[in-house]
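In: need a structure here:
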Amino acid sequence: MEWLGSRVLRTLWTPTVNIVRSRYHADKTRLVRRYGYNEKLWCGGLLPRSEGKPLPLPEYRPANMWTERKGLFGQNDYIDILGPGNIHPVKTLYTVPSWIRGVSGQEYHILLRKKKMWAKSGTPTQRPTKWKEMQKRISYLYRKLNRKTKTGPSPD
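Out: Next comes the predicted model:
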């Protein structure tokens with residue numbers, strides 16, 4: 001140290017600081033969460049077999065290919081070509097709901113048709129939740145279609 005009058009001039013000395021950095025993320029010490037929790041599910045891969053014999057397989061039973069459902073599958077596919085011509089192929093869709101039969105359109109148009117048919121049958125009072133969900137979907141699709149549809153003055 002040097003004396004300069006009433007002040008003491010100290011030499012500049014800084015301590016060496018060792019910053020400990022991890023080279024890889026995996027080397028960092030991690031906080032142990034859920035200490036003491038024992039996992040009850042096995043997550044270590046395949047289970048070892050204690051006995052040498054494999055598990056028993058169920059007895060093979062072939063499916064009956066001539067059940068009514070499988071035997072009559074596709075019976076009406078060519079009714080318009082091979083039949084007398086007085087029945088439309090849409091009329092042969094027996095298992096399809098009535099509002100979907102023969103419709104070619106977007107979801108919005110199908111839902112409008114369904115709404116019209118359900119209103120006649122009294123569904124709004126019998127199944128109010130389904131009716132409300134359908135109304136919500138129709139209003140959403142209506143807004144979406146109006147946003148995507150170009151409107152404005154005609155080019156004429």
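In: only C-alpha atoms from now on, for both contacts and neighbour counts.
Out: Noted.
In: might you report the residue contacts of Ile79?
Out: Ile79 makes contact with 85, 87, 89, according to C-alpha atoms under 8 Å, 6 or more residues apart in numbering.
In: mind redoing it with 10 Å?
Out: Under the criterion of C-alpha atoms under 10 Å, 6 or more residues apart in numbering, the neighbours of Ile79 are 85-89, 92.
In: quick one: mean pLDDT over the longest helix along the chain.
Out: Looking across the chain with DSSP state H, the single longest helix is helix 128-148. In this model, helix 128-148 has a mean pLDDT of 93.
In: tell me which stretches of this protein form strands.
Out: In the chain, the strands defined using DSSP state E lie at 2-4, 7-9.
In: what does the longest helix of the chain rub up against?
Out: Contacts for helix 128-148 (C-alpha under 10 Å, 6+ apart): 106-112, 114-115, 118-119, 123-125, 149.
In: quick one: buried residues of that helix?
Out: The neighbour-count check on helix 128-148 (16 or more other C-alpha atoms under 10 Å) flags 131, 134, 138, 141 as buried.
In: export those residues to a markdown table and tack on distance to Pro15?
Out: Rendered in a markdown table, the data for those read as follows (distance: C-alpha to C-alpha, whole Å):
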| residue | distance to Pro15 |
| --- | --- |
| Trp131 | 77 |
| Met134 | 74 |
| Ile138 | 74 |
| Leu141 | 71 |
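In: tell me the two of the residues you listed that are most distant?
Out: Using C-alpha to C-alpha, those reach their maximum pairwise distance at Trp131 and Leu141, which is 15.4 Å.
In: isn't Lys91 right next to Ile100, touching?
Out: No: Lys91 is beyond contact range of Ile100, at 11.6 Å (criterion: C-alpha atoms under 10 Å).
In: the more surrounded of those two?
Out: Using other C-alpha atoms under 10 Å as the criterion, Lys91 and Ile100 rank with Ile100 on top: 14 against 10.
In: what about that one, distance to Leu112?
Out: Distance, Ile100 to Leu112, by C-alpha to C-alpha, to the nearest Å: 11 Å.
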